[in-house]
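J.: Structure for this input, please:
(chains A, B, C and D)
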Protein chains: 2
Amino acid sequence: MADGRRVRGQRSREAILGSAVALASVDGLGGLSLGRLAEAAGVSKSGFFAHWRDKQELQLDAVEWAARQWVEHVIVPASAAPKGVRRVFALHEARLAFYRDGVLPGGCFFFVAQVEFDDKPGPVKDRVAQAMNDWLGYLEHTVREAVDRGELRADPAQLAYEIEALGEAAVTHSRLRDGPTAFAHARRAVLDRLRALSPTPELLPED
Amino acid sequence: MADGRRVRGQRSREAILGSAVALASVDGLGGLSLGRLAEAAGVSKSGFFAHWRDKQELQLDAVEWAARQWVEHVIVPASAAPKGVRRVFALHEARLAFYRDGVLPGGCFFFVAQVEFDDKPGPVKDRVAQAMNDWLGYLEHTVREAVDRGELRADPAQLAYEIEALGEAAVTHSRLRDGPTAFAHARRAVLDRLRALSPTPELLPED
DNA sequence: ACACAATATGACCGATCGGTCGTTTTTATT
DNA sequence: AATAAAAACGACCGATCGGTCATATTGTGT
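T.: Residues are numbered from 1 along each chain as shown, chains lettered A, B, ... in the order given. Below is the predicted model:
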């Protein structure tokens, strides 16, 4: 059933969500002002309420949109690397590239959303937590693939925590301190860790 | 010169700053509403402007206050450990205790402040960046003491980044996912790393 | 005793917030 | 062609925001 109205609506929807995620990566989902968002997306403020009942509905969809963007920019490119320790490191490098390339003006939507909602119970926190669980679960799964192939000796959950922590920290360190140094530290930390845990370090670059 | 007015003013000042740092650890320095802060501190809203010209001045002093709190709760206790690798790990454990004990309702003032201001240029960002530089500089200095004593073989700046990243991540992971697991991961990550880098791992606990 | 400075207050201001409402324009269905 | 629904808008609402101001109270130095 071709529904042109829906099609047109979806275009506005996508444009607004793109602006929303970009703005939220800077000011947070709460700092998202519907007025400024309207200006950024080139629509009128009241036009929102044809698509979302209130701000919270928009926030929930923004989380969804950001999750899809993360899959597209990080998980998909890293899937080019063969399963095992090389794909684990490819995930880390794809993440750092996401930050370094400035895909989002604020660096990382989920990093901001986590910090903002970690002590604000409600549907948005739940949705953010679920997105983080999905991502960390995938990271852990990728590590486990490497363990099963004999390319890593590690506790997948423990190593996933470490990779996540060392990657996330690059966001603030690159913006608040020296950018290149922060990314170099983030890359080296995971590379050294993986090489030390791997019986086959030759699969990874030396530096 | 005993000045009772100043003394009384200082008490209000301290009470307000304490509330401000606690509230900001949850909602951020921008989410700090002067109205709600007044209520939390038990004074009238306009009473602020006898102590601070505007909100920004309060934010700057809140950063200062939080920095002193960090020294008192993290750096001072860890100084009980002997210089070297044991003090490095003591710093990490003191930090995790700060988070676990819920000294601040939001977990970590500086973590929130970093994420909030890393792309908002101005005096507050500069002050936050300076506080983070001071802390990371101290962390690096402590690592270097261990290196100089032959208790660690590491690049101090690199290792300081890793310890900082692995510690900070415990804030969101403990609140958004499982608390005890997050702290266990954060502790084990640094412990394993230090033991691997140390010619004298017997100085550290085994687990 | 007196003048002055610090502390603190309540009333009030313009701006912006999230959100509502009535209306117009566009488009798919019948 | 008629109709119903979706999309989008401008005007407007009460609440809250950061901040000002005139004023009352209190403690300090001379």
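J.: so what's the most centrally placed residue in chain A up against?
T.: In chain A, the centroid-proximal residue (Cα atoms, centre = their mean) is residue A:70; its distance is 4.7 Å. Neighbour list for residue A:70: A:98, A:109, A:110, A:135 [criterion: Cβ atoms under 8 Å, 6 or more residues apart in numbering or on different chains]. C-beta coordinates here come from the backbone N, C-alpha and C atoms, glycine included.
J.: wait, which of those residues is closest to residue A:19?
T.: Within these, the smallest distance to residue A:19 is 12.4 Å, found for residue A:109 (Cβ to Cβ).
J.: Need phi/psi at that closest one.
T.: Taking degrees, to the nearest 10, you get phi -60, psi -50 for the backbone angles of residue A:109.
J.: Can you get me a residue count around it?
T.: Residue A:109 is flanked by 28 other residues according to other Cβ atoms under 10 Å in any protein chain shown.
J.: likewise residue A:120?
T.: 15.
J.: One more: residue A:42?
T.: 11.
J.: for the nearest residue to it once chain neighbours are set aside, phi and psi?
T.: Computed as Cβ to Cβ, 6 or more residues apart in numbering or on different chains, the closest residue to residue A:42 that is not its neighbour in sequence is residue A:15, at 7.4 Å. Main-chain dihedrals, residue A:15, degrees, to the nearest 10: phi -60, psi -40.
J.: just residue A:172 next, same as before
T.: Main-chain dihedrals, residue A:172, degrees, to the nearest 10: phi -70, psi -40.
J.: I figured it hits residue B:113, correct?
T.: No. Assessed by Cβ atoms under 8 Å, residue A:172 is found out of contact with residue B:113, at 9.8 Å.
J.: Can you name the residue of chain A nearest to DNA strand D?
T.: Residue nearest to DNA strand D within chain A: residue A:9 (2.2 Å; Cβ to the nearest atom of the strand).
J.: how many neighbours does that residue have?
T.: 13.
J.: Likewise for the one 3 residues further on?
T.: Neighbours of residue A:12 under the rule other Cβ under 10 Å: 16.
J.: Find the nearest non-adjacent residue to it, please.
T.: Nearest non-adjacent residue to residue A:12 (Cβ to Cβ, 6+ apart): residue A:43, at 6.4 Å.
J.: Quick one: the helices in chain A, in order.
T.: Taking DSSP state H, the helices of chain A run over residues A:4-27, A:34-41, A:55-70, A:76-78, A:85-100, A:109-117, A:123-148, A:156-176, A:179-197.
J.: Quick one: residues in contact with the lowest-mean-pLDDT helix or strand in chain A.
T.: In chain A, no helix or strand scores lower on mean pLDDT, DSSP states H and E than helix A:4-27, which sits at a mean of 85. Contacts to helix A:4-27, defined as Cβ under 8 Å, 6+ apart, come from residues A:31-32, A:36-37, A:40-43, A:47-48, A:50-51, A:58-59, A:61-62, A:65-66, A:69, A:104-109, A:112-113, B:119-120.
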